[in-house]
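Novice: One predicted model, sequence on top.
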Amino acid sequence: MRTCLLRLPALAALLLASTASAEIPYPAALDAAAVVESRIADINREALVLGNGDLIGLLWQRSGTLCLRVAKNDVWDARVDTSQDVPLMKVDVPNNTWSGGGYPPSWKKPYPQPRCAAIVRIGATTGEAGDWQCIRSGGKMNEWLRRDDVGVMAISGAAGASAGYRYSIDPAPAGSFTVLKLRLSGTSGARYYVNVLAATGKQPVASGWKDSPDAEQEVVFPIPSGSQVTAVELFVMTKDGARVENRIRRIAFEGGKEPLVITPGMSDRGIKVARLDLRRAAATVDDTAVRALADRNVFLIESDQEVALEEIQTKDLPAAELGETGGVKWLHMKLPGDPDHPGMEYALAVAANGTRKIVSLVTSFETQENVRDAAIRLARETAAVDTAALVARHEQEWSRYWSASGVALDDPDFQLWWYRMVYYLRCFAKPGAVPVGLFGGLASNSTPWHGDYHHNYNAWQPYWTPLILNHPDLTDPWVRYMNQMLPRLRWLAKTTYDCEGACVGISTFAFEPDPANCKSVNRRQIAIPPYGYTLGMAGMSAQVLWLTHLYRPDRKYLGEMIYPVLREVALFYCSFAEKCPRDALGKAKFGPSYSPEHGKFGVENVPFDIAYARFTLSAAIAAAGELGRDSETSARFRKALDLLPPYPTALDEAGLPVVVDWTGCKFREIKQHNITVPVVPVFPADQVTWFSPEPEKELFRNTIRQTHHRGCNSTVMFSVAKARFSMLDALDDARNYYKPEVQPNGMFHWPMHGFYLSESVGIAAMISEFLVQSVDNIIRVFPCWPKEKDAKFTNLRAQGGFLVTAEQKAGKVVKLEITSTVGGKLRLLDPQTGKIIERETQPNEELAIIP
């Protein structure tokens, strides 16, 4: 059903025929977002990203050979070793005291973490330049290339930027060398650093930064006796940011049975063109095409080159088994377990049918049979299917994905970023998959922060993102994970705070067992003070579930998958508030807690905590009312809401109030925020909105003006908070921060974090918030978009399950159409009058609102 709302003396409706379309809204804009490169030698900055929501690969040239670094969301070394950890901290809420706890030795272990499954090599190794791997690429340009008989290591970028490369020595020639000799020179402003690694994990040589000599000279580094050398690392730095080079002619280990001479530089076997077609999710490098097939965990490689598997070797994991069965090559890996976790297995297989090469990946979490047999069968069966049929099914799914929504913006940066991040989202998220951790694509063997689910911001953003983009099904991995974690979250609330309900620490991992069945110290719980004791993290982690219902109302799903988690987290906040001491006004002194990530543990009334307690309690009350259950519990939640204190404030230099991080915090006591805690009530906690009372809005506008942050974790969050108040400098803030971080492969570098951060997809949601908002269940179109820039979008999703299509031209909204997917009340802020329009809608009703 289609309804046309005409702006006449009386609002009239005209029913029109429904014309549902599955076409891609703006194909030219999508095609323009394709990634085109002339080199892909730097895995961090240049690799092409391929994925199907579970299986993900980074395609790059390693020493002149095309390679694919393969990961899968459920390939986790999920061991946890708490044997040396001290008892967990216990918080006495009524008395505002705490005891025990401490930094856990378990956190220093190389596990748990997601693991790269294997490297797929396309073509033979060159043998020319050895196995140099980029381990740091801090410049805007980073190179380590072979030029005749000299290796040239170059960098440019910010002052002090550095890049580094590692050469791992095969076990056979590795030995007790006594000296490392380099012949090197450098351009003005260049520095170098040399590490030699040993089997013990120590560094028998760590040179520190040294100025590179202008004229070539031999540099000698003695190696302590008995050191079993396993690798050498070379680094280059630019002092002032200008392009510099270190030229290395010879690298030799001496003192063993015979010298080991390493070829300097990586082979620069140039490519004509590398292209990533986002619409079709296909990468082509000259004559080779690679796809991560959308309908199965398989890479389709079209190449006349041989395809082989390489294991990922690390000192803390057993070796993989490699072999061949009936012409199918395979790799079988067994990841160890711990007393509470059985470990896992996975297998990759390569089957060939002419130029059609199939690489499959199967884990023990998705099959009851032998993973090797399952991978071989999947590879063989897929190789038997005609390439055209495989590609057609693959492209059909991606066409469906791209038809869901689109934008066309008079802003080349934002339009490009929107499509590339919407593509990246589909590479690591799909219903039924394990949620991705911090990194969507594993470029190294050691992921920072264990590649975990970080609950004070990072794990939230990838799964907040799909909703406004009209891909609400992609929140499913997080919804299921939170349900699976409930036994542990309940145990943590009781153990730490003696509270009912469920709370969360800062860091969790895939495949965490029920603490009731755990034998390990602390029931296998890693708790990291002070970061793990922010009260608001539980609400933030549950927020995606309630937003999923608001954006895609489904009563059955609400009752089965959303309300159980909401209820438990709300019960925690209720129980905690009831235990808190009271202030002079009878409000809870809501603590002790920790402002993420500022100050010390033990503070009260953190805005992050208060806002998320309010959000969760209100959401649980609304959900229970919709389901018709838990009336007594809801009454208790309402009383808990009344107990929550106001946000703490201090006076700025002009004597005006601003929200601060905790009660007693001084103005500018936190000079630079990592997470913009004082602004969280605006976004992401949605407690203060465009429709709030003006004094409250002015308090938070001033708070926004007075809050400084270091970028990184806060840029998306802070820009959306500004956008909620139609503060147009949000666009400049976002552009100025992210534009220097755009990489040649279309991804973003995340300062202080690295590359392939899954949370970077939030940039697409941020841009969408500039175009449409629906907080408070009231739709606003172009709420933070400049009048001088044209823009149009199709089917961005709003709360209530409404799909919004609109166009702004010459500063006016010339098109506004809304589809009601489930029926219910539509509330819309009229873009011309500024008044709220309300009307009841029917499921699948389409409304054309004509200015």
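Specialist: Perfect, I can see it now. As the structure is a computational prediction, the values presented were derived from the model and not from experiment.
Novice: so how far is Gln217 from the nearest residue to Trp417 once chain neighbours are set aside?
Specialist: Leaving out its chain neighbours, the residue that sits closest to Trp417 by Cβ to Cβ, 6 or more residues apart in numbering is Ile763, at 5.3 Å. From N, CA and C alone the C-beta is placed, and that goes for glycine too. Per Cβ to Cβ, to the nearest Å, Ile763 is found 47 Å from Gln217.
Novice: Compare those two and say which one has the larger neighbour count.
Specialist: Ile763 (24 against 11; other Cβ atoms under 10 Å).
Novice: thinking that one is in contact with Phe748, fair?
Specialist: Yes: taking contacts as Cβ atoms under 8 Å, Ile763 lies within contact range of Phe748: 7.1 Å.
Novice: Which elements pack onto the helix or strand containing Glu568?
Specialist: Assigned by DSSP states H and E, Glu568 falls within helix 563-579. In terms of contacts (3 or more Cβ pairs under 8 Å, 6 or more residues apart in numbering; DSSP states H and E), helix 563-579 is packed against helix 476-484, helix 486-497, helix 537-551, helix 607-627, helix 631-643.
Novice: For the third one, which helices and strands make contact with it?
Specialist: The elements that helix 537-551 packs onto, with contact taken as 3+ Cβ pairs under 8 Å, 6+ apart, are helix 461-468, helix 476-484, helix 563-579, helix 607-627.
Novice: just checking, which of the helices and strands packed on helix 563-579 sits deepest inside the structure?
Specialist: Among these, judged by mean count of other Cβ atoms under 10 Å, the one packed with the most neighbours on average is helix 537-551 (a mean of 25).
Novice: could you give the mean pLDDT of that one?
Specialist: In this model, helix 537-551 has an average pLDDT of 99.
Novice: cool, stretch 429-441 as well?
Specialist: What stretch 429-441 shows for mean pLDDT is 97.
Novice: what's the span of that stretch from first residue to last?
Specialist: Taking Cα to Cα, to the nearest Å as the measure, stretch 429-441 stretches 12 Å from start to finish.
Novice: wait, what's in contact with the residue most central in space within the chain?
Specialist: By Cα atoms, centre = their mean, the chain has its centre lying nearest to Ser758, at 1.8 Å. Shown in contact with Ser758 (Cβ atoms under 8 Å, 6 or more residues apart in numbering): Phe428, Val436, Gly437, Leu438, Phe439, Gly440, Asn458, Gln461, Pro462.
Novice: Is Tyr531 in contact with His598, as I believe?
Specialist: No: between Tyr531 and His598 there is no contact under Cβ under 8 Å: 10.8 Å.
Novice: what does the domain assignment say about the chain?
Specialist: Domains of the chain are assigned by automatic domain parsing as 33-75+115-123+270-403, 132-262.
Novice: Of the ones you listed, which is nearest Cys499?
Specialist: domain 33-75+115-123+270-403 (24.2 Å; Cβ to Cβ).
Novice: and the gap between the nearest residue to Gly102 once chain neighbours are set aside and Ser820?
Specialist: Excluding the flanking residues, the one nearest Gly102 by Cβ to Cβ, 6+ apart is Val86, at 4.6 Å. Plainly put, Val86 is 55 Å away from Ser820 if you go by Cβ to Cβ.
Novice: Now distance to Ile135 and mean pLDDT too, for the helices and strands packed on helix 537-551, in CSV please.
Specialist: Listed next are the helices and strands packed on helix 537-551 as CSV, based on distance: least, Cβ to Cβ, whole Å; pLDDT from 0 to 100:
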stretch, distance to Ile135, mean pLDDT
helix 461-468, 25, 98
helix 476-484, 30, 99
helix 563-579, 39, 99
helix 607-627, 35, 99
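Novice: can I get those in TSV with distance to Ser303?
Specialist: Shown next, in TSV, are the helices and strands packed on helix 537-551 (distance: least, Cβ to Cβ, whole Å):
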stretch	distance to Ser303
helix 461-468	32
helix 476-484	32
helix 563-579	46
helix 607-627	50
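Novice: on that earlier part again, between Val86 and Ser820, which has more neighbouring residues?
Specialist: Ser820 (23 against 15).
Novice: For Ser774, which of the domains of the chain is the nearest?
Specialist: domain 33-75+115-123+270-403 (21.5 Å).
Novice: What's the end-to-end length of the closest one?
Specialist: End-to-end distance for domain 33-75+115-123+270-403: 16 Å, by Cα to Cα.
Novice: One more: stretch 342-359?
Specialist: Across stretch 342-359, first to last residue, Cα to Cα, it's 26 Å.
Novice: buried stuff in that stretch?
Specialist: Buried residues in stretch 342-359, counting neighbours by 16 or more other Cβ atoms under 10 Å, are found at 344-352, 356-359.
Novice: now do stretch 192-207
Specialist: Result for stretch 192-207 [16+ other Cβ under 10 Å]: buried residues Tyr192, Tyr193, Val194, Asn195, Val196, Leu197, Ala198, Pro204, Val205, Ser207.
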